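Visitor: Please work out how this folds:
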Amino acid sequence: MRGPVGARSLTHYLAAFAAALAIPPMIFAGYVTYRYAWSEWQRFEAVAYQRNEDVVSDLDGLLSSRISLLQALATSPAIDAGDFQRFDVQARQFVERGIAMRMRDRTGQLVIDTAQAWGTPLPSDPFTIRQQSVLESKQPFITDLYTRRADGLHAVGVSVPVIRDGEVRYFLTTALSPAYIARFLAERGVQPPYYVSIADRTGLVISRSSRYEESVGRFLPGYDRIHDDKGAWSGINPEGVAVSAYYTRSELSGWLVTTGVDRRTLEAPMRALLWRLFAVGAGLLILSVATAAFLAQRFSAASTALAGAADAVGSGQLATMPRTAITEINRIGSAFARASVQLQEQARAVERANQDLELRVGLRTRELAASEERYRLLAENATDAILLRNATGRIAFASPACLKLIGYSVEEMRRLSPEDLIHSDDLDRVMTLTRAIGPANPSASSIHRLRHKDGHWIWVHSNYSFMAQVGPGEPNIMAVVRDDTERQSRELKLRHSNEALQQFSAIVSHDLQAPLRHINMFSDLLQARVGDQDAETSSYARRIMASAERMQRQIRSLLLYTQVAYATVKSEAVSLERVVAEATALLDTQVQETGATINVADHPVIWGDADLLVTLFQNLIANALKYRSEAAPEITFSAQPSGQQWEIAVEDNGLGIDPQYSERIFEIFRRLHRDESRYPGMGLGLALCRRIVESHDGQIWLDTGYSQGARFLLTLPRR
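Guide: Residues are numbered from 1 along each chain as shown. Purely as a prediction, here's the structure:
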């Protein structure tokens, strides 16, 4: 029997397994190799960087010492006395140390040259640019590389001005040869694989740590790519050696010092370790393959015996336990033998189970049929129409209630499109809403108009549900449609009634104000005519005027209550702290007169009409200020969540309210205190508060268990 396509011998898998076991040690060895080689690389580069910094520091020290020496000689009294022979003797003391000097006056005439015997005629040369810069700046100057006229050799110079009375009279110069600077580098132990190059400001090589004669005066390779005062550089040095280098520009001289390390030295540890790694990896791989071949031979013999036992089990026969050199294979063979016995027993059990399953399937089929019948009856007898449709509005199923609702049969509903049924003013809104239904928005509802088959329009309330278990290509939106015409008619009548009531209130307020003003005016005229002649008539006139004024206040209060009671309530996010602050500002005079303290302990965000909420809290604060005790009023606002609403508490330390009047205080024009001279008002504040809270679908009540003053509790929407 041939194996499946692509099957491999156990030998291949064991070889792969053995190779896989060898891979982690090889990876680890490679990692260690890389880390070691990288550390060596970094060590060499760190030495190069540090040597470069040391060379720059020592070179600046050398140049600084030359400048200091020249500056010290520039102060010699022999110069002041014009005794140049004595100054020549002083300068020649440094010739033995390899330091030759020259002194030139402002005309360019050489006065002192320690390289010539005293008395030798000295030439007069025009000033160079570098000499002119010393005269102008009056500061020491270090030159770039130049060629001496006397011997045609390269050198660099250090010039110091001799200043007397603020003017440059002479300037001293000493020269440094490339050979001197090369010895300076050798004294600092700069040897291969490290190379140091010193270049002037123009990029010409001044000197190098090795073979400097070949490079002096040549352009330093890579100088044109250097734009910073410090950095790293890789390339070919003047000797043709590939290097990784660090460079630093001297702040004193402006020269560029570059220290490079031979890249072959950097890469040598990596190459050596890679060869060792290759040798170790090859040895591990050979050992792994040999081990795999040995194990494969043993497993092959055992698998043959095991395959025979498996064939016996597969054919339904009793298998015999194989005897091999592998204990685990013997155990598997023993398991096959036991399994062959168990399989025969299980075959008989499966046959009995199949018979039992057939009985259960029949019973379940009958139950499903009964369940389907129940759902069909529910759909056919529901008073609300049930529709199954897709996002485009195409109807796949319609319940029989559609005939009663809009006059169309089930078959007619399937042929209708949304444009045939939905009023044109509502069509875009309804289609936009239904297209948005999906996993993120599984439900929605709308109130719109549908055209009845006989042509008139009816209002309906539709609830849409997304059915996630239905495929995207199937009708997956269920709509439950209910006749809403009667409710819409009632709401329309209610709106008309409210508008009529508002018009009535405005008309009554206006029409009652006019006769009251006349009564007030004539009472005033009557009192003025009677004067003090008839005290009783004058008293009657004052009473008539007081009654008219009270009636005017009641009419204004009634008009205010009507405006608030039937106002359109906006819904926006409003901070409790903000509306309390605005209400307090409107009562600023009373707050200051009473010395009241108003605290907002919590800061919830309420959904409601900001203007109406300011009026609500203004009346509650005014009520607390009016009915205060001897102590300064303290009013505290606190809030806590209560389901979908905030429960807000407004408490004070005033006179309090008798619990038996807990409902009466919210009635319009209902007052507990008759003395208006002490407690002025019309009994409208708390009635307005209740109307505003109820317009926000909330409640307000007096906390009858609070005894330290008055405490009102009210609920307002959280969202």
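Visitor: going forward, measure contacts between C-alpha atoms and count neighbours the same way
Guide: Noted.
Visitor: name the element Val574 belongs to?
Guide: If you go by DSSP states H and E, Val574 is part of strand 572-575.
Visitor: List phi and psi for Thr173.
Guide: Backbone torsions of Thr173, given as degrees, to the nearest 10, read phi -140, psi 140.
Visitor: looking at the sheet around the closest residue to it other than its chain neighbours, what are its partners?
Guide: Leaving out its chain neighbours, the residue that sits closest to Thr173 by CA to CA, 6 or more residues apart in numbering is Ser159, at 4.4 Å. Counting by DSSP bridges, Ser159 forms beta bridges with Phe141, Thr173.
Visitor: next one: Ala242
Guide: Taking DSSP bridges as the rule, Ala242 bridges to Ile236.
Visitor: what sits against the residue nearest to Thr173?
Guide: Counting by CA atoms under 8 Å, 6 or more residues apart in numbering, Ser159 makes contact with 67, 70, 131, 134, 140-142, 171-174.
Visitor: and of the residues you listed, the nearest to Ala232?
Guide: The closest of these to Ala232 turns out to be Ile142 (CA to CA; 25.3 Å).
Visitor: That closest one and Asp60: what is the separation?
Guide: 11 Å (CA to CA, to the nearest Å).
Visitor: what sits in contact with each of those two?
Guide: In contact with both Ile142 and Asp60: Ser253, using CA under 8 Å, 6+ apart.
Visitor: Those two: who's more crowded?
Guide: Shown here are Ile142 and Asp60; by other CA atoms under 10 Å, Ile142 has more neighbours (22 against 17).
Visitor: Okay, now the unreliable bits of the stretch 601-719 of the chain?
Guide: Applying pLDDT under 70 to the stretch 601-719 of the chain flags residues 668-684.
Visitor: Mind jotting down where the strands sit in it?
Guide: 605-608, 634-642, 645-651, 700-702, 711-717 (DSSP state E, counting those that start in this stretch).
Visitor: helices or strands up against the third one?
Guide: The criterion is 3 or more CA pairs under 8 Å, 6 or more residues apart in numbering; DSSP states H and E, and the helices and strands that strand 645-651 contacts are strand 634-642, strand 711-717.
Visitor: possible to save those strands as TSV with mean neighbour count and distance to Lys230?
Guide: Formatted as TSV, the helices and strands packed on strand 645-651 follow (neighbours: other CA atoms under 10 Å; distance: least, CA to CA, whole Å):
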stretch	mean neighbour count	distance to Lys230
strand 634-642	17	66
strand 711-717	21	68
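Visitor: Dump the ones you listed into JSON lines; add distance to Ala242 as well.
Guide: JSON lines is the format used below for these (distance: least, CA to CA, whole Å):
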{"stretch": "strand 634-642", "distance to Ala242": "77"}
{"stretch": "strand 711-717", "distance to Ala242": "79"}
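Visitor: Please enumerate the strands of the stretch 451-600 of the chain.
Guide: Going by DSSP E, counting those that start in this stretch, the stretch 451-600 of the chain shows strands at 457-466, 477-483, 572-575, 597-600.
Visitor: The nearest residue to Leu714 once chain neighbours are set aside: how many residues sit nearby?
Guide: Sequence neighbours aside, Ile700 is the residue nearest to Leu714 in space, at 4.1 Å (criterion: CA to CA, 6+ apart). By the criterion of other CA under 10 Å, Ile700 has 21 neighbours.
Visitor: same deal with Lys626?
Guide: By the criterion of other CA under 10 Å, Lys626 has 17 neighbours.
Visitor: hang on, the earlier thing: how about the helices and strands packed on strand 645-651, which one is nearest Arg691?
Guide: Counting by CA to CA, Arg691 lies closest to strand 711-717 out of these; the figure is 11.8 Å.
Visitor: Quick check: can you name the pairing partners of the closest one and their directions?
Guide: When DSSP bridges is applied, strand 711-717 pairs with strand 645-651 (antiparallel), strand 700-702 (antiparallel).
Visitor: just those: most buried one?
Guide: Comparing the strands paired with strand 711-717 by mean neighbour count (mean count of other CA atoms under 10 Å), strand 645-651 comes out on top with a mean of 21.
Visitor: So what's the gap between that strand and the chain middle?
Guide: Centroid displacement of strand 645-651 relative to its chain, using CA atoms, centre = their mean, to the nearest Å, is 36 Å.
Visitor: same deal with stretch 146-157?
Guide: 66 Å.
Visitor: So which bits of it are buried?
Guide: Residues 154-157 are the ones in stretch 146-157 that count as buried (16 or more other CA atoms under 10 Å).
Visitor: Kindly report the same for stretch 425-439.
Guide: Using 16+ other CA under 10 Å as the test for burial, stretch 425-439 gives 427, 430-431, 433-434, 437-438.
Visitor: So what touches that stretch?
Guide: For stretch 425-439, the external contacting residues (CA under 8 Å, 6+ apart) are 391-393, 418-419, 443-444, 446, 448-449, 464-466, 468, 477.
Visitor: So which of those is surrounded by the most neighbours?
Guide: Going by other CA under 10 Å, Ile477 tops the contacts of stretch 425-439 with 24 neighbours.
Visitor: Apart from its neighbours in sequence, what residue is nearest that residue?
Guide: For Ile477, ignoring the flanking residues on the chain, the nearest one in space by CA to CA, 6+ apart is Phe466 at 4.8 Å.
Visitor: Could you do Ser465 as well?
Guide: Using CA to CA, 6+ apart and skipping residues adjacent in sequence, the residue nearest Ser465 is Ser443, 4.6 Å away.
Visitor: Same question for Leu122.
Guide: That would be Leu110: by CA to CA, 6+ apart, it lies 5.8 Å from Leu122.
Visitor: count of neighbours near the one you found?
Guide: Residues near Leu110, counting by other CA under 10 Å, number 18.
Visitor: I'd guess it is in a strand, am I close?
Guide: Yes: assessed with DSSP: H, G, I helix; E, B strand; the rest coil, Leu110 lies in a strand.
Visitor: Phe171 versus that one, what's the distance?
Guide: 10 Å.
Visitor: go on, Ile67?
Guide: To Phe171, Ile67 is 12 Å away according to CA to CA.
Visitor: Look at these two and report which has more neighbours.
Guide: Neighbours per residue (other CA under 10 Å) separate Ile67 from Phe171, with Phe171 holding more: 25 against 21.
Visitor: For the more buried one, which three-state class applies?
Guide: Judged by three-state DSSP, the three-state class of Phe171 is strand.
Visitor: What does the pLDDT read for it?
Guide: Per-residue pLDDT puts Phe171 at 83.
Visitor: so it makes contact with Met101?
Guide: No: between Phe171 and Met101 there is no contact under CA atoms under 8 Å: 10.5 Å.
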